[in-house]
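Trainee: Got a predicted model here, sequence first, then my questions.
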Amino acid sequence: MKNTFRFAAVVVAFSLLLACLPTVHAATNSKTLKGSELRGVFVDSLNNKDFPSAPGLGSDKLKKEIDAILNFEAANGLNAVFVKVLPSGDALYKSKLFPASYYLTGKQGGTLTFDPLSYFISSAHKKGIQVFAWIDPVRATLGTASLDSVKEMAKYVDSTQGYTPPPLAVAKQNSKPQNAASTDSPASKHPEYLLGAKDGAKYFDIANPAVRTMIADAAAEIASNYEVDGIHMDTDIYPAGLNDAKSYTQYGGTRSIEEFRRDNITNLIKEVKQRVNSANGSVFFGVSAAGTAYSLDNDFDTQKWIADKLVDYIVPQCYHAIGADTDDFKALMAGWQKAAYGTDVLIMPALNVSAVGDKSADGGSYTDPSELLYEILLSRSSYCNGHVYSASSALLKNPLNIFSDISRLYLSGTVNDKTSAFDLSTKLSVTRPSEDITVSTDDYFIMGTSNPNQPLYVNGEEVTTRGPGGTFGVLIDTPSTTEVTVTQGSKTITRTLKRPSSGGVSKITKITQSSMLPSKTDAVKSGFQYTVKCTAPSGATVTAKLGNSTTTLSQAAATAENGVPATYKGALTVSGDYSESKTTKLGPVEYTLQYNGKTTSFKSTGSLYYIGSNTTASVEVTNDVTLVYKGEDTNEGSITNLRKGTNDYITDITDTMFKLGMGGYIKKSDVTLVEGAALANHSVSGISFKKGTDGESYVIKGAAKAPFMFADGDGSVRVYLYNLSGVKGFDVSSSALFSGASVKTEGNGLCATFTTKSGAKVWGYSLEYRGDDAVLFFKYAPKRAFGEKPLSGVTIVLDPGHGGTDPGAIGPTGADGATEEMLNLAVSQKARDYLQSLGATVYMTRQSDTGVTLTNRTGFDEKVKPDFFVSVHTNSTAENTNANKTKGVETYYYTDQSGRLAGNLLNNIASSAGRETRKSYRSTYVVTRIYNAPAVLCELGFITNPNEYEQMLNGKIIDKTGYGIAQGILASL
């Protein structure tokens, strides 16, 4: 019989895990979404925007288009599709109320030979994708057809669908009758239902009770006859230019025109919801809305819809970027969280995938491939239940390859379903190692679980140091192969720790792939030889070839026998018809091995570039938050960290580094060489100033990719910018932080010195690239508020480390027990609760057991621009260390401005949780290399120490640890 020692408090405390999942404010909703988070896309049929790509396509081509949408969704982790089936008084399904759609057949009315909605449903449900039938309730006919939209429709080609739509001439001809309704259309049968617009379009008048009934009937028809998961309705009822004066006279009464319109929309929503529920109570009903939750503009009364439960969900159109001048996504999310938190109504913002890559959209914010990913993370922190991409035609193009990271986020993990992992088993187990293994050290720390009420023996000796719940760890001597026997009662477990035999070295028959140079991006200057090197079996013949050049490598040292790994080196003279006026990519070096009568070829992992004698090469940074070191030895420290895309000249080449024109060295693995002419010079066309609520910034036109470095002290901030021309100065006349700014030339760059005003404090700074521009940002210092909410107005990002396929460190209960990623999340959620109770706005990089890359964690910080960034981790020891003797809290920081926060977190976490204080260290961890705010990585304790591990599982201690984080932040204001 399995016996467990349960931490009851842990189960209670960890129920809070569910409190932060995307469905948190839908806990009492009788309808449930499939999956914890809806990830959908709008498929718009109006004007053949998304589907069908053109009128008059055959069923096979229509199926290919539908399959392309659904296959993309399934491959990338999406789970819902919103198909517009009633675009303009005509239907893309078999309806008794509306004629067949012009956008489907090329002519409104007639017989529908292919039912797109039915095919969407059957195909989507096989893939686990939900289908929402999307209806436009008021559009009856279009006005004048847009030739531009027709041209776009005609030239649309998707290689994944394997065909080309009809030519422009056919499309233009098909577009002509758009302004006319078929004879069997309600628009023709009931002209009294219609309102006119300036462009000649006709709209159904929802003030007319008969119209509302007709629309409700249409929604009920779909819910009754099709296995849809939801009915989705547009609420943009009253477009500019609509003439509803006669309707207002007839139905308005004493209400204002604004109240009249709002009431009409609310009444329509109420009637449609009632009919859908009557037709099929399991079908969701929801609406689109403007991005702003509390505005009554556009005739939306979303507060009433939420309060009266008239909808199951709302999809606000949040089509602007984080930090945008208009409708900042972060501000919109805060509004919807306030409006819907704790209610039954789900919030799922629409994301503007159509803007991705557009330099003109929100100052170039959407040129960042991670913009939508950060919007997803931010919406999760705002208790949203999912999101919907704006257009499938844009989504399928995967602009800027955005789904390389988004799909990883979707597919890396699921909602945390490991609550049972916090039960501490008292069954005898050895979790490290979980099976016989080979070790290379003279000691090995085994771990496992046991019954705390019975003695435990390892190799016949009683284990006297165990956690109160029976977890244990013992350091085993392994000078040679050792058998470890763990015994409790009648149960015995044996593990063999194997040591490789001391005599001989394993032989090889191939060249080791990672040993071949170049193993990463590398370069050779004109007139110089390139050193080629690899590891191959001794006694072999190895040659290296690049273009027309070949050389034979020499074995560096003799060996006692052939076949053991040996180093081979040689010098390759690069020859060929290469331009001396640019940098040319030569590609990988080809190595040939002749050994034991067999010839085998290999190619180096990295590529070699040739730098002409009449040019200076430049490199582009390929990784975000990339360190630039003082010298070749990384132990000397760093001078700055650069953004992905930064471009600079190289002035020297070492074995592992390039020396940059800005000074300092960068690892070859962090850059790629720029082919052709060097592209490091930037001409600045102007500098503009912008003041925001959290800081102020200078937009430097044309300075994108310029290298930079910050330094502060003595009442000023110095910004070094390289390879720039045209910078005349910075106007600080409107600045709240600076009294002056001077610019002087230094080497191949400039130094801008910003002098702070008396009493002003710069909390942080950053430089980011937006389109062709660089944005220099200075953050205002947060202020402690009076009263019970001292953190009001303070924004904090909490970063629970690891997650998804990365569990982090493993404790004595093994991979099936409580791992680091779970503990990190649980403590972060407690810290979030305390911080919110103090008035803070808190965002989290993950809400559940999902994976987020290091780049996305720091990038999210840059987008949100918080006042504090705290990364939460749990420590571990090496396998050859006695972890019973290692315990306590550590913190890590990079910048001087983060040192105070690191010290406060260290002391408050340790005192609150009852753990030892170890030390606060300066480090180069990626998540600490943040300039725009104090950033600290916390190691809460050692998961490999059984006693400390069990303490970290205790619900009260989890609570106290979260409290310590909150108090550490509060003390840093």
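Mentor: Happy to help now that I have it.

Trainee: and the longest helix out of those in the chain, which residues are buried?
Mentor: In the chain, with assignment by DSSP state H, the single longest helix is helix 257-279. Within helix 257-279, the residues that count as buried by 16 or more other CB atoms under 10 Å are 260-266, 268-273, 275-277, 279. The C-beta positions use only the backbone N, C-alpha and C, and glycine is treated the same way.

Trainee: can you check stretch 894-908 too?
Mentor: Buried-residue list, stretch 894-908, by 16+ other CB under 10 Å: 894-895, 897-899, 901-908.

Trainee: go on, stretch 321-337?
Mentor: Quick answer for stretch 321-337 (16+ other CB under 10 Å): 321-324, 327-337.

Trainee: so where's this structure uncertain?
Mentor: Residues of the chain that meet the criterion pLDDT under 70 lie in 1-35, 144-179, 295-298, 412-422, 502-504.

Trainee: Centroid-nearest residue for it?
Mentor: L373 (3.7 Å; CA atoms, centre = their mean).

Trainee: would you say it is within a helix?
Mentor: Yes - residue state for L373 (DSSP: H, G, I helix; E, B strand; the rest coil) corresponds to a helix.

Trainee: ranges for the strands of the stretch 151-300 of the chain?
Mentor: With strands called from DSSP state E, counting those that start in this stretch, the stretch 151-300 of the chain shows them at 194-197, 202-204, 230-233, 242-243, 284-290.

Trainee: likewise the stretch 401-550 of the chain?
Mentor: 424-425, 429-432, 437-438, 443-449, 457-458, 461-462, 472-477, 482-488, 491-498, 522-525, 529-537, 541-546, 549-555.

Trainee: so which of the ones you listed gets nearest V671?
Mentor: strand 522-525 (10.4 Å; CB to CB).

Trainee: tell me what the closest one is packed against?
Mentor: In this structure, strand 522-525 makes packing contacts with strand 608-611, strand 647-653, judged by 3 or more CB pairs under 8 Å, 6 or more residues apart in numbering; DSSP states H and E.

Trainee: A240 is nearest to which of the ones you listed?
Mentor: strand 647-653 (45.0 Å).

Trainee: contact partners of that closest one?
Mentor: Contact with strand 647-653 is made by 522-525, 616-621, 658-662, 674, 678-680, 705-707, 722-723, 748, as judged by CB atoms under 8 Å, 6 or more residues apart in numbering.

Trainee: go again using 7 Å as the cut-off
Mentor: 523, 616-620, 658-662, 674, 678-680, 705, 707, 722-723 (CB atoms under 7 Å, 6 or more residues apart in numbering).

Trainee: quick one: what helix or strand has C751 in it?
Mentor: Secondary structure assignment for C751, by DSSP states H and E: strand 749-756.

Trainee: What is the helix or strand that that strand is followed by packed up against?
Mentor: Counting by DSSP H and E, the next helix or strand C-terminal to strand 749-756 is strand 762-770. Secondary-structure packing of strand 762-770 (3 or more CB pairs under 7 Å, 6 or more residues apart in numbering; DSSP states H and E): strand 773-780.

Trainee: Filter the buried residues of stretch 894-908 down to the ones in helices?
Mentor: Secondary structure from DSSP H places 897-899, 901-908 of the buried residues of stretch 894-908 in helices.

Trainee: Switch these over to CSV; also include distance to V684.
Mentor: Formatted as CSV, those follow (distance: CB to CB, whole Å):
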residue, distance to V684
Q897, 28
S898, 31
G899, 34
L901, 35
A902, 37
G903, 40
N904, 40
L905, 40
L906, 43
N907, 46
N908, 45
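
Trainee: tell me which of the residues you listed is nearest to D199?
Mentor: Q897 (56.2 Å).

Trainee: Give me the distance between the closest one and Y931.
Mentor: 8 Å (CB to CB, to the nearest Å).

Trainee: Could you do N856 as well?
Mentor: Counting by CB to CB, the gap from N856 to Y931 is 18 Å.

Trainee: Same check on V388?
Mentor: 34 Å.

Trainee: Do I have it right that T795 meets G839?
Mentor: No - counting by CB atoms under 7 Å, T795 does not reach G839; the two are 11.0 Å apart.

Trainee: returning to what we had before: can you pick out the residue with more neighbours from V388 and Y931?
Mentor: Remark: of V388 and Y931, V388 carries more neighbours, 25 against 21, as counted by other CB atoms under 10 Å.

Trainee: so what's the nearest residue in space to the more buried one that is not next to it in sequence up against?
Mentor: Distances taken as CB to CB, 6 or more residues apart in numbering place G40 nearest to V388, at 4.3 Å, with adjacent residues excluded. Counting by CB under 7 Å, 6+ apart, G40 touches 78, 80-82, 386, 388.

Trainee: And what about G40, helix, strand or coil?
Mentor: strand.

Trainee: Please name the bridge partners of it.
Mentor: Here G40 sits in beta bridges with A80, V388, as judged by DSSP bridges.

Trainee: Tell me how far it lies from S828.
Mentor: In terms of CB to CB, G40 sits 28 Å off from S828.

Trainee: do K246 as well
Mentor: K246 is 58 Å from S828, by CB to CB.

Trainee: Just want to know which of those two has more residues nearby.
Mentor: S828 (27 against 12).

Trainee: by contact count, what packs against the helix or strand encompassing that one?
Mentor: Assigned by DSSP H and E, S828 belongs to helix 820-837. Applying 3+ CB pairs under 7 Å, 6+ apart, one finds that helix 820-837 contacts helix 16-19, strand 795-800, strand 841-844, strand 868-875, helix 955-970.

Trainee: S425: which of these is closest?
Mentor: helix 955-970 (17.6 Å).

Trainee: and the strands of the stretch 401-550 of the chain as JSON lines, adding mean neighbour count and distance to A74?
Mentor: What follows is the strands of the stretch 401-550 of the chain, written out as JSON lines (neighbours: other CB atoms under 10 Å; distance: least, CB to CB, whole Å):
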{"stretch": "strand 424-425", "mean neighbour count": "24", "distance to A74": "37"}
{"stretch": "strand 429-432", "mean neighbour count": "20", "distance to A74": "36"}
{"stretch": "strand 437-438", "mean neighbour count": "12", "distance to A74": "38"}
{"stretch": "strand 443-449", "mean neighbour count": "23", "distance to A74": "40"}
{"stretch": "strand 457-458", "mean neighbour count": "16", "distance to A74": "50"}
{"stretch": "strand 461-462", "mean neighbour count": "9", "distance to A74": "56"}
{"stretch": "strand 472-477", "mean neighbour count": "20", "distance to A74": "44"}
{"stretch": "strand 482-488", "mean neighbour count": "17", "distance to A74": "46"}
{"stretch": "strand 491-498", "mean neighbour count": "15", "distance to A74": "42"}
{"stretch": "strand 522-525", "mean neighbour count": "20", "distance to A74": "40"}
{"stretch": "strand 529-537", "mean neighbour count": "21", "distance to A74": "43"}
{"stretch": "strand 541-546", "mean neighbour count": "21", "distance to A74": "43"}
{"stretch": "strand 549-555", "mean neighbour count": "16", "distance to A74": "49"}
